[in-house]
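Peer 1: What shape does this take:
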Amino acid sequence: MKSMTEIELSEFELYVKTNMKRAYFSALGFVGTHDDAMEISQRAFINAYKHFDKFDSSRNFFTWYYKILKNLCLNFLRDSKSRKEVSFIEFEDELTAENQSDQFERKEQVTILEAALSRLSTNDREIIILKEFQNFSYKEIAETLEIPIGSVMSKLFYARKKLSEILKELQ
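Peer 2: As a prediction, the model looks like this:
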């Protein structure tokens with residue numbers, strides 16, 4: 001690995017700052033726990049740093065970085081013998097007497113949704129998370145997964161259908 005110039009280093013730092021949150025939530029969608037998502041997204045940035053000389057600056061950084069992140073996540077899932085608690089959706093609310101009932105209902109809905117997401121295949125879960133939780137456009141998903149936009153729409157349709165069927169079973 002050749003050392004980075006100051007310009008390349010500041011460019012990389014900017015990429016990290018603008019994509020940290022997106023990277024974390026993408027990893028969380030795969031691995032399901034906060035600590036693992038933090039560790040894997042940070043490791044992916046380290047790997048991206050080591051191979052930044054291979055990045056084509058005419059392309060989208062996150063699309064390039066996502067491949068690194070996805071591979072680390074898939075390796076983690078493959079190597080995990082026992083899966084820990086799955087928490088694809090994080091939210092923070094202050095508990096007050098007025099909203100205690102609402103919070104309980106929301107947590108119950110989140111638990112059901114997380115259980116349904118965990119029953120999807122990795123590919124189905126990935127495309128739903130990219131669209132519904134990361135708010136990627138069809139074009140961004142197509143670039144990230146390196147598939148045509150028509151395939152994104154088709155895969156998303158079927159993944160949503162599977163998720164809906166699982167949710168019906170769980171309720």
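
Peer 1: residues touching the spatially most central residue of the chain, list them.
Peer 2: Closest residue to the average C-alpha location of the chain: residue 26 at 1.5 Å, with Cα atoms, centre = their mean. Counting by Cβ atoms under 8 Å, 6 or more residues apart in numbering, residue 26 touches 41, 66, 69, 70, 129, 130, 134. Backbone N, C-alpha and C define where each C-beta goes, glycine included.

Peer 1: which helices and strands sit right next to the helix or strand where the fourth one lies?
Peer 2: For residue 70, the host element (DSSP states H and E) is helix 61-79. Packing contacts for helix 61-79, counted by 3 or more Cβ pairs under 8 Å, 6 or more residues apart in numbering; DSSP states H and E, involve helix 6-31, helix 34-50, helix 122-128, helix 138-145.

Peer 1: switch the cut-off to 6 Å
Peer 2: With contacts taken as 3 or more Cβ pairs under 6 Å, 6 or more residues apart in numbering; DSSP states H and E, helix 61-79 sits against helix 6-31, helix 34-50, helix 138-145.

Peer 1: Let's see the lowest-mean-pLDDT helix or strand in the chain as CSV, backbone CA atoms only.
Peer 2: The helix or strand of the chain with the poorest confidence is helix 100-119; it has a mean of 78 (mean pLDDT, DSSP states H and E). What follows is helix 100-119, C-alpha atoms only, in CSV (Å, rounded to 0.1, in the frame of the first residue of the first chain):
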residue,chain,number,x,y,z
GLN,A,100,-45.9,4.5,27.7
SER,A,101,-48.7,2.7,25.9
ASP,A,102,-47.7,4.0,22.5
GLN,A,103,-44.1,3.0,23.1
PHE,A,104,-45.1,-0.5,24.2
GLU,A,105,-47.2,-0.9,21.0
ARG,A,106,-44.4,0.5,18.8
LYS,A,107,-41.8,-1.9,20.4
GLU,A,108,-44.2,-4.8,19.9
GLN,A,109,-44.5,-3.8,16.2
VAL,A,110,-40.8,-3.4,15.8
THR,A,111,-40.2,-6.8,17.4
ILE,A,112,-42.6,-8.4,14.9
LEU,A,113,-41.0,-6.6,12.0
GLU,A,114,-37.5,-7.6,13.1
ALA,A,115,-38.6,-11.2,13.4
ALA,A,116,-40.0,-11.1,9.9
LEU,A,117,-36.9,-9.5,8.5
SER,A,118,-34.7,-12.1,10.1
ARG,A,119,-36.7,-14.9,8.4
